[in-house]
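> with the sequence up front, the predicted model follows.
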Amino acid sequence: MRRTAIVALVLGLTAPTAEAASAPEVRVWVTTPDRAELMHERPRVQFGTAASTHPTIVVDPDRGYQTIDGFGASITDSSAEVLAGLTPAVRADTMRKLFDPKQGIGVSFLRQPVGSSDFTAAASHYTYDDVPAGQTDFALRHFSVEHDRAKILPLLREAKRLNPKLKVMATPWSPPAWMKTNDSLVGGQLKDDPKIYDAYARYLVKFVKAYTAAGVPIDFLSVQNEPQNRRPDAYPGTDMPVAAQIKVIEALGPKLHGTKILGYDHNWATHPNDGTAEADYPYQILRSPAAKWLAGTAYHCYYGNPAAQTALHNAFPDKGIWFTECSGSKGATDPPAKVFGDTLRWHARNVVLGTTRNWARSAVNWNIALDSTGGPHNGGCGTCTGLVTVQPNGDVTTDAEYYTIGHLSKFVRPGARRIASTSFGTTGWNGQIMDAAFRNPDGSTALVVHNENDEPRTFAVNAGDRTFEYTLPGGALATFTWTTNLRSKFHAIPLTGATDPALIDDDASTRWSSGAAQAPGQFVQVDLGRRREFRRVAVDSGGNLGDYVRTWELSASDDGTKWRTLTAGSGTGQLTTIDVRRTSARYLRITSTGTASNWWSIADFRLYN
C-alpha cells in the first residue's frame with residue numbers, strides 16, 4: 001500500500017520543496033470504532049499537484065445543495081434530570097463539551113419535546129394544560145410551562161449562551177388529554193372538532209411565546225411527533241392522520257409568526273407496526289392547501305432509508321427537509337465496545353452522511369444525556385443511548401453519538417452549504433469510502449469521510465487543481481478542513497436529462513461494469529439529453545480499485561450515428577480526466593482500445609467547461 005502524505009510528514013522522508021511549503025494545508029480529526037482515536041487531531045497534510053491512482057473524492061464548491069441549520073440532539077426531561085443531578089463543576093464541563101464550538105463539539109440544533117415524551121423522569125406524564133378527566137380548558141387558563149423552569153429551561157439557556165447560533169425545534173408527543181378521543185396522553189386521536197383544532201393551535205402558540213419569554217426562542221415547530229405511531233408503548237403519543245394534521249396546520253399557520261412549521265416528523269418509510277397508516281403521508285401534506293404554512297418536512301431513522309428524503313425533495317424542491325430524530329441502541333448483553341463500534345458505523349453511514357447527502361438541513365439524535373441504565377424513562381425505549389452517559393459515580397462518558405454528531409457540529413457551522421463531492425459508499429454498506437462536503441459561511445471547507453470497510457482504505461481528495469491522498473483505518477470516521485478557496489478553472493455542467501448507463505450526479509457508486517476482462521471495442525455511450533459544449537470529460541471508475549479502462553478513445557456525435565474521434569489516451573487510475581478543445585456534441589462514447597484482466601467500471605461521468 002502506498003504511503004500517505006501524513007506518513008511522509010511524520011517520518012520526515014523528504015525535505016519539503018518550495019511548492020510543498022506553500023501548498024494548502026488540511027487539518028484532520030479521526031474517530032475509530034475501537035476508541036483508540038476519539039476525534040483525535042492527527043498531523044496536517046498538504047494538497048499537492050500530482051494526480052492519484054486511488055478512488056478520488058472530487059470536491060466542487062461551484063455546485064451547491066441545501067443550507068445547514070445545525071446538528072445535535074434533545075435535552076429531554078430525562079436528559080435534564082441526569083444533567084441537573086451532576087455536581088456544578090462536572091455539569092459545567094459537560095455542557096462545554098457538548099455546546100462550546102471551541103472547547104467541545106458545538107452542538108447547534110436541539111429538538112425539544114413540548115411536554116412529556118417517553119423520556120420523562122417523573123412518575124406521571126404531563127402537558128402544559130392538564131385538567132381533571134372530564135373537564136376542558138378551551139380558554140387555556142391552566143396553561144403553564146412551570147414544570148420546565150426547574151431544570152430544562154436553565155439548561156437550554158446555558159446551551160444558547162455557550163453556542164449563540166444554536167437553533168431550537170419543538171415537537172409535541174401529545175396534546176392535552178382533554179383534546180383527545182380517549183382522554184389520555186397515551187394513544188388516541190385529536191378530536192375532529194374545529195374548536196379543538198383552534199385550541200390546539202393556540203396551545204402551541206402559547207408554548208412558543210412562553211419559551212421565547214423564558215429566553216429560548218423556538219425556530220422550528222412540528223405539530224406531532226411520529227403521527228403514524230398508533231400504538232405507543234405506555235408513553236405519550238397520538239395517531240394523527242393526514243386530514244387531522246392538515247387541519248392543525250391550517251389553524252396554526254395564521255397564528256404563528258417567526259417560527260417555521262414542519263410537517264410529518266416520522267420515519268423514512270411506514271413502519272410495519274403502524275399498520276395501514278398513509279405511506280405517502282409527507283406527499284399528501286405538501287400537496288394540500290396547508291403546505292403554504294410549511295417550511296418543509298421532518299424525518300426519523302427507525303424505518304426505511306435516507307433516499308426517501310431525496311425523492312420528496314425532487315417532488316417538492318422548494319420545501320426544506322430536516323432530519324430530527326435517531327437513537328443509538330444497546331442490547332442487554334452487548335459489551336460496550338460492540339455498542340460503540342456498531343453505533344459509530346451505522347450512524348456514520350445513515351445519519352452523518354446519509355441524511356446530509358439526501359438534502360437534510362439538520363441531523364439530530366434523540367437524548368443528549370442518559371444514565372448508565374439508559375434512563376430514566378417512562379415507557380417506550382429501554383435500550384436507547386445518548387450522546388453522553390452519566391455513570392453511577394457521577395462521571396460523564398462520551399458515547400458514539402457524541403462523535404458522530406461532533407464530526408459534523410464542530411466543523412460545519414450553521415449557515416454552511418453542502419457542496420458537491422463524489423462518494424463511493426452507500427447507506428446499506430458496500431465497503432467503500434462515503435463522504436459529504438460543506439462550505440462554511442467563512443469560506444472554509446469541511447469534508448466528512450467514513451471508511452465503511454473493516455480494513456484500511458486509501459483514497460484521494462481533489463479540490464480545484466490540488467489533490468492529497470489519505471488512508472483511513474477500518475470503520476473510521478474523519479473530518480478534513482481547509483481554509484484555502486480551491487477552485488478549478490473548469491466548471492461542472494449540470495447534465496439533467498442525460499441517460500444510462502452513466503447517470504450523472506455526484507454519487508459515484510458503480511453504475512456500469514463490463515462484466516468481464518477489458519477487450520478492444522467495449523464502449524460506453526452517453527446521451528447528454530441535448531447538444532452540450534465542453535472542454536473536459538471526467539470518467540470516474542469509483543471505488544473498485546483497478547477497474548479503470550487501460551487505453552481508450554473518446555468520440556462525439558451530434559446524432560448518435562456519425563462519430564468523430566476527439567482524442568485517445570491511457571488510464572492510470574480510478575479517475576480519468578480528459579481535456580479537449582472546446583467541443584459541442586449530444587452523444588459521447590468512450591471505447592476501450594486495449595486488453596486488461598481487470599473489469600472496466602464506470603461510476604460517474606462528468607462534463608466541464
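Looks like it arrived, so ask away.
> C-alpha from now on. contacts and neighbour counts both.
Fine.
> could you grab the helix/strand/coil label for the nearest residue to residue 113 once chain neighbours are set aside?
Of all residues not flanking residue 113 in the chain, residue 171 sits nearest, at 5.0 Å (CA to CA, 6 or more residues apart in numbering). Secondary structure assignment for residue 171 (DSSP: H, G, I helix; E, B strand; the rest coil): strand.
> what's the neighbour count on residue 171?
Per other CA atoms under 10 Å, the neighbour tally for residue 171 reads 22.
> let me know the pLDDT of it.
What the model reports for residue 171 is a pLDDT of 98.
> roughly how far apart are it and residue 74?
Distance, residue 171 to residue 74, by CA to CA, to the nearest Å: 11 Å.
> same check on residue 419?
According to CA to CA, residue 419 stands 27 Å off from residue 74.
> more neighbours, those two?
Remark: of residue 419 and residue 74, residue 74 carries more neighbours, 26 against 23, as counted by other CA under 10 Å.
> now for the more buried one: which residues touch it?
Shown in contact with residue 74 (CA atoms under 8 Å, 6 or more residues apart in numbering): 110, 111, 112, 113, 364, 365, 366, 367, 368.
> pull the number of nearby residues for the fourth one.
A total of 23 residues lie near residue 113 under the criterion other CA under 10 Å.
> again with the third one
The burial metric for residue 112, expressed as a neighbour count using other CA under 10 Å, is 23.
> and what of the fifth one?
Residue crowding around residue 364 was assessed by other CA under 10 Å; the count is 29.
> following element in sequence after the host helix or strand of it, please.
Element membership for residue 364, per DSSP states H and E: strand 362-367. Toward the C-terminal end, the helix or strand that comes next after strand 362-367 (DSSP H and E) is strand 369-371.
> what residues are up against the residue nearest to residue 463 when sequence neighbours are not counted?
The shortest distance from residue 463 to any residue other than its chain neighbours is 5.1 Å, reached at residue 59 (CA to CA, 6+ apart). Residue 59 is in contact with 419, 420, 421, 422, 437, 461, 462, 463, 464, counting by CA under 8 Å, 6+ apart.
> surely the third one and residue 57 touch.
Translated: residue 421. Yes. Between residue 421 and residue 57 there is a contact at 6.1 Å, judged by CA atoms under 8 Å.
> higher neighbour count, these two?
residue 57 (33 against 27).
> checking the more buried one next. Helix, strand or coil?
Of the three states, residue 57 takes strand under three-state DSSP.
> wait, it sits on residue 458?
No. Contact criterion CA under 8 Å: residue 57 and residue 458 do not qualify, at 11.2 Å.
> would you verify that residue 65 is located in a strand?
Yes. Assessed with three-state DSSP, residue 65 lies in a strand.
> dig out what the residue nearest to residue 224 when sequence neighbours are not counted forms beta bridges with.
Leaving aside its sequence neighbours, residue 224 sits nearest to residue 172 (CA to CA, 6+ apart; 5.3 Å). On the basis of DSSP bridges, residue 172 is bridged to residue 114.
> any idea how many residues pack against the closest residue to residue 214 other than its chain neighbours?
Computed as CA to CA, 6+ apart, the closest residue to residue 214 that is not its neighbour in sequence is residue 153, at 7.4 Å. By other CA under 10 Å, the residues close to residue 153 number 20.
> quick check: which element contains residue 344?
Assessed by DSSP H and E, residue 344 sits inside helix 336-347.
> give the buried residues for that helix.
Neighbour counts over helix 336-347 (16 or more other CA atoms under 10 Å) mark 339, 340, 341, 342, 343, 344, 345, 346, 347 as buried.
> what's it in contact with?
Contacts for helix 336-347 (CA under 8 Å, 6+ apart): 32-34, 328-330, 399-401, 403-404, 452, 475-477.
> can I have the buried ones of those as a PyMOL selection?
To isolate the buried ones among the contacts of helix 336-347 in PyMOL, judged by 16+ other CA under 10 Å, type:
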select buried, resi 32+33+328+329+330+399+400+401+403+404+452+475+476+477
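> count the neighbours of the closest residue in space to residue 510 that isn't next to it in sequence for me.
Spatial nearest neighbour of residue 510, excluding adjacent residues (CA to CA, 6+ apart): residue 603 at 4.1 Å. If you count neighbours by other CA under 10 Å, residue 603 ends up with 28.
> surely residue 603 meets residue 545?
No. With contact defined as CA under 8 Å, residue 603 does not reach residue 545; the gap is 12.0 Å.
> ok, residue 412 - contacts?
Counting by CA under 8 Å, 6+ apart, residue 412 touches 438, 439, 440, 446.
> among these, who's most crowded?
residue 438 (31 neighbours).
> so that one, which state does it fall into?
With three-state DSSP as the basis, the three-state label of residue 438 is strand.
> just the element for the closest residue to it other than its chain neighbours, please.
Excluding the flanking residues, the one nearest residue 438 by CA to CA, 6+ apart is residue 418, at 4.2 Å. Assigned by DSSP H and E, residue 418 falls within strand 417-421.
> what is that strand packed up against?
strand 56-67, strand 433-439 (3 or more CA pairs under 8 Å, 6 or more residues apart in numbering; DSSP states H and E).
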